[in-house]
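Engineer: Need coordinates for the following:
(6 chains, ligands or ions: 3)
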Amino acid sequence: MKIVMAIIKPFKLEEVRDALTGIGVHGLTVTEVKGYGRQKGHTEIYRGAEYAVSFLPKLKIEVAVPSDQVAKVIDAITTSAKTGQIGDGKIFVYAIDQAVRIRTGETDADAL
Amino acid sequence: MKIVMAIIKPFKLEEVRDALTGIGVHGLTVTEVKGYGRQKGHTEIYRGAEYAVSFLPKLKIEVAVPSDQVAKVIDAITTSAKTGQIGDGKIFVYAIDQAVRIRTGETDADAL
Amino acid sequence: MKIVMAIIKPFKLEEVRDALTGIGVHGLTVTEVKGYGRQKGHTEIYRGAEYAVSFLPKLKIEVAVPSDQVAKVIDAITTSAKTGQIGDGKIFVYAIDQAVRIRTGETDADAL
Amino acid sequence: MTIKNWIRAGLPALATTALFAAAAFAQDNPATGAEATAEAVAAVATVDKGDVTWMMVSSILVLFMTVPGLALFYGGLVRAKNMLSVLMQVLVVAAVMMLLWVFYGYSLSFTSGNAFIGGFEKAFLAGVTTESLADTFSANVKIPEYIFIVFQMTFSAITPALIVGAFAERMKFSAIVLFSILWVTFVYYPMAHMVWFSEGLLFLHGALDFAGGTVVHINAGLAGLVGAIIVGKRTGYGKELMPPHSLPFAMIGASVLWVGWFGFNAGSNLEANAGTTLAVINTFVATAGAIVGWTLIEWLAKGKPSMLGAISGMVAGLVAITPAAGLSGPLGAIVLGFVASIICFFFCTTIKNALGYDDSLDVFGVHGVGGIVGAIGTGIVVAPALGGPGISGYEMGAQVWIQTQAVLLTFVWCGIGSAIIFYLVNVIVGLRPSVEKEREGLDIVEHGERAYHS
Amino acid sequence: MTIKNWIRAGLPALATTALFAAAAFAQDNPATGAEATAEAVAAVATVDKGDVTWMMVSSILVLFMTVPGLALFYGGLVRAKNMLSVLMQVLVVAAVMMLLWVFYGYSLSFTSGNAFIGGFEKAFLAGVTTESLADTFSANVKIPEYIFIVFQMTFSAITPALIVGAFAERMKFSAIVLFSILWVTFVYYPMAHMVWFSEGLLFLHGALDFAGGTVVHINAGLAGLVGAIIVGKRTGYGKELMPPHSLPFAMIGASVLWVGWFGFNAGSNLEANAGTTLAVINTFVATAGAIVGWTLIEWLAKGKPSMLGAISGMVAGLVAITPAAGLSGPLGAIVLGFVASIICFFFCTTIKNALGYDDSLDVFGVHGVGGIVGAIGTGIVVAPALGGPGISGYEMGAQVWIQTQAVLLTFVWCGIGSAIIFYLVNVIVGLRPSVEKEREGLDIVEHGERAYHS
Amino acid sequence: MTIKNWIRAGLPALATTALFAAAAFAQDNPATGAEATAEAVAAVATVDKGDVTWMMVSSILVLFMTVPGLALFYGGLVRAKNMLSVLMQVLVVAAVMMLLWVFYGYSLSFTSGNAFIGGFEKAFLAGVTTESLADTFSANVKIPEYIFIVFQMTFSAITPALIVGAFAERMKFSAIVLFSILWVTFVYYPMAHMVWFSEGLLFLHGALDFAGGTVVHINAGLAGLVGAIIVGKRTGYGKELMPPHSLPFAMIGASVLWVGWFGFNAGSNLEANAGTTLAVINTFVATAGAIVGWTLIEWLAKGKPSMLGAISGMVAGLVAITPAAGLSGPLGAIVLGFVASIICFFFCTTIKNALGYDDSLDVFGVHGVGGIVGAIGTGIVVAPALGGPGISGYEMGAQVWIQTQAVLLTFVWCGIGSAIIFYLVNVIVGLRPSVEKEREGLDIVEHGERAYHS
Ligand SMILES: Nc1ncnc2c1ncn2[C@@H]1O[C@H](COP(=O)(O)OP(=O)(O)O)[C@@H](O)[C@H]1O
Ligand SMILES: Nc1ncnc2c1ncn2[C@@H]1O[C@H](COP(=O)(O)OP(=O)(O)O)[C@@H](O)[C@H]1O
Ligand SMILES: Nc1ncnc2c1ncn2[C@@H]1O[C@H](COP(=O)(O)OP(=O)(O)O)[C@@H](O)[C@H]1O
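Structural biologist: Ligands and ions are numbered 1, 2, ... in the order given. Just a heads-up that it's a prediction; the model follows:
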């Protein structure tokens, strides 16, 4: 099993969720994060104080899936989260050893 | 070493923390997240606009432990976080290569 | 490729970011988290109710880097995030299988 | 008529004397006197526009106390998931009470009936027009009856709204609305009639209550306590953290309560004279004394003075000075506020925990206890020897006993009445949502919305 | 002069009669009469300090409605990233309107010119001093002209600020400021002149409008609708979630609107008499009726009564009672508020969605629709048979038709005027920021700041 | 007595003349005159209920300015971890000041003593009753002394509270309370006595100050500056981001300041006459001019007009118009507000950074600098040639020099006094918490609570 973790633009959440359910992935976890990268930030001014703000609001999505679905998931996310403009975000994939569903104690693929 | 990452219901935090300290785990990190899964959400209505809200508030807990404690940790979490109702959450386990304590530079098991 | 994940004190963010850009790392993702560990919390009192608050505000930083840069990144973070006092935080490193840049579809090292 | 005796002569007398097509006015009030038929009036009743303005301002201030004041004070203290439910309860309860007041509340409270309740002759404000006048405490000084109705309406609107804080975060909206309707009808209107109307049971007994300590605060505090006990504790109480979700909102709310309370206390004088300014200064300094009181005692007892403590003291002081607002000197007011604050502190932090009930927002601990301290303390601080204005035939022991009796009667009437109504409401619509729903939060479950989105 | 006919005699008459070095005062007003040259005055004009106080309070209350009231009510309903832009728009628009009022707005509205617009004789308040007086609706009762100017200024400040809610979250700040300047000049001042000035087109036509339902609410609601349509929908409208970011702020704002609205409605009587207290009670109970109305209908139609619904009803009720504030009995006011609330509910939840335009904060749905219901309803509830005070020569059908004509004229004047101005502004500075910028949020893009930091 | 000269005759004269058992009243004020012994009074002193109402309203408004107004304006601008500490400081400082005012502040400020300070004859309000009257600026027009005491009390409560913004986020609560007690005693009461009391040093010198620009704003601004320098910069200042945690709260606070400021400025006239309405219109339009001023200059200089800028301008304008409120025509007020706003903008954005001290919330940059511009500008805008009401024997150069001298004396007295007190407090309780504690935030460290929980 793998976790596909994606950093996306906040307003893309609904589209990504739809794309994932479209390919049969019905569970995911979302975190509000701030991202720093090539996308340039903005300047905020509060009376005399100017701040160059380089962290931009992003969402992190984590989806645990059986390894054989990873490609499909990546594809769904890239397609639905893309605007073509700098700052669209990244996808990272890493392996997990185990998955457990707390309610039932089911493990691994059954737990997802 | 492994990281045990669990998605739980928010009001279960204190119980899970107690269960973990009960088995000698004295460090963890918590993140507020939103989860999407089988647990059904609710509808919100703001004047004319109805929203089907499918993301529910959850907490993500991350605990880094030596590999031999993983089973015990999973057990402690499943026991304490369970309500038996849909949406109790998941546990995912993945391996980490290294751990470092910033303050001292200690590494691996010493760093936890 | 690896992800270096660090839990740090919130006011250290700018210094860590500077240290990382100093060694050529130009992307990272930050999450507000709450940490539990050796650093002792505080007590809050709301009229009759006293709460021992053991979760402290921390920031989680995630940086994806080619494996050969991990040591340098760990070094930059430990140096810049250290205050020498309990609660400075931890660094965890884990491997990722893939990385994708959503905008271009570039993968792995090119995606970072 | 001097300040020494007008309180006994009292507030209840006034609304009964609405004069239709009455009142000759002094030459300087040509507008309001426009249609006065001078020959119809023996005594020279005057309406002063300064009084009219003050009573309009006072009524608006009491509305301001209710929304957003009370709503925010309460709302800031609950968890975010129940924020809107509290705002909604305070707002809708107040609105429904306003309608009932026009329908039959004013009539039941302020017309003749028996010693316990009035009649229906002014139901739906029958017969009231812009020509109708109401008495004040000064002979021949009148105000338009509409503004007297409005001013009293705001009191009947805020009182049931005060109660909801006691069982915040765990009662169904339908239950709260139904309870309020029954409670105002069977507990509040009779109490108002008994205390404020010239033919009421308590009126002639001689209890001092300048601005409603008994009818409003003890009444609401006790009803809250009864409700908190009957409905039971919040799920997770004592085990989970339930800190206030926004103390800044609570602070705004408390401050607005202070600001609005001048309408409540000084407006109760029904005109804008020097006695009114005494109520104003007391409402300032008793509150200041109470803020300092809670801050000091908490600093000593807990090691740190909290902002929540300071605003809790603020409200306790306001409650305590309510019955004494125009019946104390400023120094007496400071002492009263200070002492009430300290007693409320011990009640909320120690006694309540010992008793083990869950009064979510300390409605009893602040309004009930503060109200009792104020009611009894009024019998003390009124003493001329203590700088008070005095009343005719004053004797401290006797007065304190009269005050205590008024408190006891309120306890009996309100305690029994409230308990019956809660049981009734439980039977009819049920008091509590399911545990699952309570966990999810009343905002989503009862109102289909959430307070905050990012 | 009775309440039955003073409305027709009307508000517009008064400001025209500023007397310089005039007015003998009754002995009880020695201060204001200090310099009066008694021999210059035939009639005995009096200034009552109760009236002066009431008008100062009323003016302050209308400011309070605007900031923070309206600003928060609107700001709480937008997404967090646009919060400051809304606060800024309301604040700066109101400030600019105040300056324009002094520069030429007062003069264009309240001096002689033609049937559509006044002249420039009082531009920059030429000739106005502390000696200048303005008429009220009562013969020989005057108020200082400065306070009349201020009171009317607050109306002209809040009206354009009301409009911005319709296209919140998507219009450029420069466009909004420019639009407001042109709109107040070419739409508002003429409407005010036509409706409120004694030589204005609509004034003699006999339409009833106690406190500005037409000039303020229908006018603003329609301009908002026109703007919302011309500027187009918000990016993502209908696809992305756009829930209110802070309903507690919206609730504070709405409550402050209610509190402040007493200045608006009861202040419009220009003095503090019994008629003013009628406007006060109506502004209480119509609103209460409207809160209950929206709550009930939403409970029935959607299954849950929401806090946003209750405060939407509150505002709808306030809008509806505005033209009828002193022209209805309390029961008529309750019915008017209740009915307006239900009509606005259906409009905002059903009709608007069917029509498909994006009026971000339902400015038309609440102010426009509520204003129309109120304007026409005023012609009904004024009927003595329904408990209203009546007007001389009243006939329901005729009056309703007059009221409807006033609404229609507003639609024509404001609709065409607003459309032209929006097109003009689009040409000069452009109405919308780029889609990218709209996504980022107007706070950062237009104002370089963010509302919240942790 | 004309508006042209009553300012010089002045405010300080009035409180000294509390008449006991005095004052015959006109027949239309039967209530307040109830116990007057007519034969004891030669001149006919009247109390008008319109004045009483206005002064009560004004006092309530100044409380509203303080809490929640000032508290929120300041609180919104700090980081979330220090929010409650600011609310607490403003609230408790104000409460303590109210008690001191009753204890000895009123007596020291408004009774005879020497040229610098009064005596203790009215300590604990000795001798003051509901019969006591205070003078206004009009001959024979009186108000109850209690309301004069209250009104002045609110001034002495808000002034020390203004100071805390300068060293927000880094001073111990105990230090702030102790500082305030000493400062009000040794700096504020003497300044109030010197400026406002008829025997005070500055009173006879002829400086114009309608509502307290010198005693309140320059005084507070300078004390803040001294404190900010002595206590040192916030840890991390210049390196870490310290953006306002909630600009909406700051906006609510600023708006409430504006609303409340009418009590401050127009209440300073002590009665409700045409001169009061001049202060009202000026408090509207000077502020509007200042909002527009800061918005425009920031748009030009920084590329974007910010909401924080607009409300900063708002406060700067309010400060600047304070000394000139009743002493300027509306056009002069607009110019004064506009100019003050632009000067404060440059001070806060450029000069302050160049000087390098850390005045957390620009207390000096807005209140100090705005106060100086206002104080000196009053000498200019009062000129009849510029539309001002003028004063007898006016000559612009001379008046500006007198105004400047008043500013300089305030600088010397307050500067030296404040510095000594800060050093003293540092010795007694210490000014700053440890760096660790400052990092954790004063809310938890000093008050044991947090502002927000989810
Ligand atoms: N090396 C990295 N490690 C972790 N997160 C990263 C890294 N680089 C970028 N990110 C995340 O991806 C987001 C988008 O990256 P950015 O460089 O701005 O644009 P793009 O995705 O188009 O390359 C960043 O805001 C950040 O959250
Ligand atoms: N495939 C998944 N990947 C990541 N997180 C998941 C996944 N499926 C579920 N979750 C998380 O677990 C939570 C609970 O899942 P849900 O299906 O609602 O109930 P249950 O845990 O009882 O199976 C979700 O809210 C979500 O946060
Ligand atoms: N075992 C663990 N797993 C995950 N996070 C941990 C663990 N132990 C500590 N942390 C995180 O590291 C932070 C700092 O740890 P703490 O023990 O307080 O101090 P130190 O870093 O000096 O050892 C904690 O607040 C928590 O967020």
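Engineer: interface residues of chain D facing chain C?
Structural biologist: Residues of chain D lying near chain C by C-beta under 8 Å from any C-beta of the partner chain: D:241-244, D:302, D:304, D:306, D:308-309, D:312, D:348-350, D:352-353, D:362. Where C-beta positions appear, they are placed from N, C-alpha and C, glycine not excepted.
Engineer: taking those residues one by one, which sit in strands?
Structural biologist: Applying DSSP state E to the residues of chain D next to chain C, no entry is found in strands.
Engineer: Please spell out the ChimeraX selection for the buried subset of these.
Structural biologist: Here is the ChimeraX command that selects the buried residues among the residues of chain D next to chain C (16 or more other C-beta atoms under 10 Å in any protein chain shown):
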select /D:241,242,243,244,302,304,306,308,309,312,348,349,352,362
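Engineer: quick one: which of the residues of chain D next to chain C is nearest to ligand 2?
Structural biologist: D:Leu241 (21.9 Å; C-beta to the nearest ligand atom).
Engineer: Quick check: pLDDT value at that closest one.
Structural biologist: Listed pLDDT for D:Leu241 reads 84.
Engineer: Not including adjacent chain positions, what is the nearest residue to the residue of the stretch 201-350 of chain D found nearest chain C?
Structural biologist: In the stretch 201-350 of chain D, the residue that lies nearest chain C is D:Thr349 (4.4 Å; C-beta to the nearest C-beta). Of all residues not flanking D:Thr349 in the chain, C:Gly48 sits nearest, at 4.4 Å (C-beta to C-beta, 6 or more residues apart in numbering or on different chains).
Engineer: so who does D:Ile321 touch?
Structural biologist: D:Asn265, D:Asn282, D:Thr283, D:Ala286, D:Thr287, D:Ser328, D:Ala333, D:Leu336, D:Gly337, D:Gly374 (C-beta atoms under 8 Å, 6 or more residues apart in numbering or on different chains).
Engineer: and what of D:Met396?
Structural biologist: By C-beta under 8 Å, 6+ apart, the contact list for D:Met396 reads D:Gly379, D:Ile380, D:Ala383.
Engineer: returning to that earlier point: need the pLDDT of the residue of the stretch 201-350 of chain D closest to chain C.
Structural biologist: At D:Thr349, pLDDT is 95.
Engineer: That one contacts C:Glu50, correct?
Structural biologist: No. Assessed by C-beta atoms under 8 Å, D:Thr349 is found out of contact with C:Glu50, at 9.3 Å.
Engineer: sorry, back to before: among the contacts of D:Met396, who's most crowded?
Structural biologist: D:Gly379 (27 neighbours; other C-beta atoms under 10 Å in any protein chain shown).
Engineer: now the closest residue to ligand 3 within the stretch 1-150 of chain D, nearest residue through space, not along the chain?
Structural biologist: Nearest to ligand 3, among the residues of the stretch 1-150 of chain D, is D:Ala80, at 23.3 Å (C-beta to the nearest ligand atom). The spatially closest residue to D:Ala80, leaving aside those adjacent along the chain, is D:His245, at 4.2 Å (C-beta to C-beta, 6+ apart).
Engineer: again with D:Val315
Structural biologist: Using C-beta to C-beta, 6+ apart, the closest residue to D:Val315 is D:Val366 (5.5 Å).
Engineer: in what helix or strand does A:Val93 lie?
Structural biologist: In the assignment (DSSP states H and E), A:Val93 maps to strand A:90-95.
Engineer: Apologies, that question was intended for D:Thr235.
Structural biologist: Judged by DSSP H and E, D:Thr235 forms part of no helix or strand.
Engineer: Quick check: pLDDT value at it.
Structural biologist: 96.
Engineer: wait, it sits on D:Arg170?
Structural biologist: Yes. The pair D:Thr235 and D:Arg170 passes the contact test of C-beta under 8 Å, sitting 7.2 Å apart.
Engineer: Between the two, which contacts overlap?
Structural biologist: Counting by C-beta under 8 Å, 6+ apart, the residues touching both D:Thr235 and D:Arg170 are D:Glu438.
Engineer: how about the helix or strand of chain A with the lowest mean pLDDT against chain F, any contact?
Structural biologist: Using mean pLDDT, DSSP states H and E, the weakest-scoring helix or strand in chain A turns out to be strand A:49-53, at a mean of 89. Yes. Judged by C-beta under 8 Å from any C-beta, strand A:49-53 comes into contact with chain F at A:Ala49, A:Tyr51.
Engineer: wouldn't D:Trp54 be in contact with F:Lys49 here?
Structural biologist: Yes. Counting by C-beta under 8 Å, D:Trp54 does reach F:Lys49; the two are 7.2 Å apart.
Engineer: These two - which one has more neighbours?
Structural biologist: Shown here are D:Trp54 and F:Lys49; by other C-beta under 10 Å, D:Trp54 has more neighbours (34 against 28).
Engineer: Do you have the strands of the stretch 201-350 of chain D handy? List them.
Structural biologist: Here the stretch 201-350 of chain D has no strands by DSSP state E, counting those that start in this stretch.
Engineer: contacting residues around residue 69?
Structural biologist: Went with chain A since none was named. A:Gln69 neighbours (C-beta under 8 Å, 6+ apart): A:Ile23, A:Val25.
Engineer: ah, no, chain D please
Structural biologist: By C-beta under 8 Å, 6+ apart, the neighbours of D:Gly69 are D:Gly253, D:Ala254, D:Val256, D:Leu257, D:Val259, D:Gly260.
Engineer: Let's see which of those residues end up in helices.
Structural biologist: D:Gly253, D:Ala254, D:Val256, D:Leu257, D:Val259, D:Gly260 (DSSP state H).
Engineer: what about the second one, how many residues close to it?
Structural biologist: In this case it means D:Ala254. D:Ala254 - counted by other C-beta under 10 Å - has 29 other residues nearby.
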